[in-house]
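Asks: here are the coordinates; sequence isn't available:
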């Protein structure tokens, strides 16, 4: 008896609640770490913040194509994508990301980014 291969009846680009939740969670985590920079002015915390922020941004980039056209990407996430340079560049240059630009960004600062109007 032959078995038929499994085929899904769900289109591939249908957003799931977990996709939207993942973006919301990434925004929350990024904000917590960048907000923490004002209280943890030491190299260990700053490096941890860079690693976490970069990791969260990679998670968002992986699912951005699965978000619905009406999805409103948090400005904070867009600002991270606009102003954050690659992790490798940060490590080589031994400089910090422009946290102030990220933290204080408003819609008009990121309105040209492709994620601004999905």
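Replies: Alright, I've got the coordinates. Keep in mind that what you see is a predicted model, and the values were worked out from it rather than measured.
Asks: tell me which residues of the helix or strand of the chain with the lowest mean pLDDT are tucked away?
Replies: In the chain, no helix or strand scores lower on mean pLDDT, DSSP states H and E than helix 87-93, which sits at a mean of 79. Neighbour counts over helix 87-93 (16 or more other CB atoms under 10 Å) mark 87, 90 as buried. For every residue, glycine as well, the C-beta is placed using N, CA and C.
Asks: can you check stretch 57-77 too?
Replies: For stretch 57-77, by 16+ other CB under 10 Å, it's 57, 60, 63-64, 66-67, 73-77.
Asks: Which members of those residues occur in helices, if any?
Replies: Assigned to helices by DSSP state H, the following of the buried residues of stretch 57-77 qualify: 57, 60, 63, 75-77.
Asks: Going by distance to residue 51, which of those wins?
Replies: Among those, residue 57 lies closest to residue 51 (CB to CB), at 10.9 Å.
Asks: Grab the nearest non-local neighbour of the closest one.
Replies: residue 80 (5.4 Å; CB to CB, 6 or more residues apart in numbering).
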